[in-house]
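J.: Pasting a predicted model and its sequence here:
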Amino acid sequence: MRRQGQRVAILTTLQFHSRSREELAARYCASTSRAKKTLPQGVETVPIRGAGETMVWLPEHGALIPGDRLIGDEHGGLRVCPDSCLRYLSSGMGGPELREALHPLLDLPIEMVLVSHGEPVLTGGRDALAKALS
């Protein structure tokens with residue numbers, strides 16, 4: 001595939017999402033990173049302590065990109081992942097602790113939430129997040 005002049009970067013939000021990273025990087029001549037010092041300009045990371053995840057924040061677009069801790073709810077909104085998705089964490093984090101760890105995200109002017117599982121929230125992202133955390 002030929003590049004169209006746009007720089008492509010693949011950012012990994014949690015360890016399990018790295019399974020196809022190298023194949024995609026080769027296909028799109030992309031760079032890969034989880035390290036802050038090599039992030040593309042305008043991209044920020046938001047580590048969720050104890051949750052085994054680092055979310056990606058694109059402030060210019062008001063876009064939050066979670067890995068598995070926030071997912072689509074099948075009704076155009078968001079939900080917090082089920083406790084079964086947290087069992088492997090050494091922190092012992094459960095649903096209530098995860099909701100608490102995600103609460104500071106409400107300080108961001110989130111318009112979109114581009115989830116890995118389910119439909120993205122393209123408008124009203126902060127409100128959808130607040131509802132998911134309540």
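T.: Cool, the structure landed.

J.: was I right about A9 contacting V43?
T.: Yes: with contact defined as C-beta atoms under 8 Å, A9 counts as touching V43 (7.4 Å). Placement of C-beta: from N, CA and C, glycine included.

J.: Check the gap between the most centrally placed residue in the chain and I10 for me.
T.: Computing the C-alpha centroid of the chain and ranking residues by C-alpha atoms, centre = their mean puts P66 first, at 1.5 Å. Computed as C-beta to C-beta, to the nearest Å, the P66 to I10 distance reads 16 Å.

J.: Mind listing what's buried along stretch 113-133?
T.: For stretch 113-133, the buried set under the neighbour-count rule, 16 or more other C-beta atoms under 10 Å, comprises 113-116, 118, 121, 124-126, 128-129, 132-133.

J.: picking up where we left off before, and the residue nearest to the centre of the chain, how far is that from E23?
T.: Distance of P66 to E23, given as C-beta to C-beta: 22 Å.

J.: same thing with V56?
T.: Note on V56: its distance to E23, by C-beta to C-beta, is 20 Å.

J.: Neighbour count for these two, which is higher?
T.: V56 (19 against 9; other C-beta atoms under 10 Å).

J.: my guess is the more buried one meets T45, correct?
T.: Yes: contact criterion C-beta under 8 Å: V56 and T45 qualify, at 6.1 Å.

J.: what do these two both touch?
T.: L11 (C-beta atoms under 8 Å, 6 or more residues apart in numbering).

J.: Okay, strands next: where are they in this protein?
T.: Using DSSP state E, the strands found in the chain span residues 9-11, 31-33, 44-48, 53-58, 63-65, 70-72, 78-80, 112-113.

J.: Quick one: closest of those to G94.
T.: Among the strands of the chain, the nearest to G94 by C-beta to C-beta is strand 78-80 (10.5 Å).

J.: Check which strands are paired with the closest one and give the direction for each one.
T.: strand 70-72 (antiparallel) (DSSP bridges).
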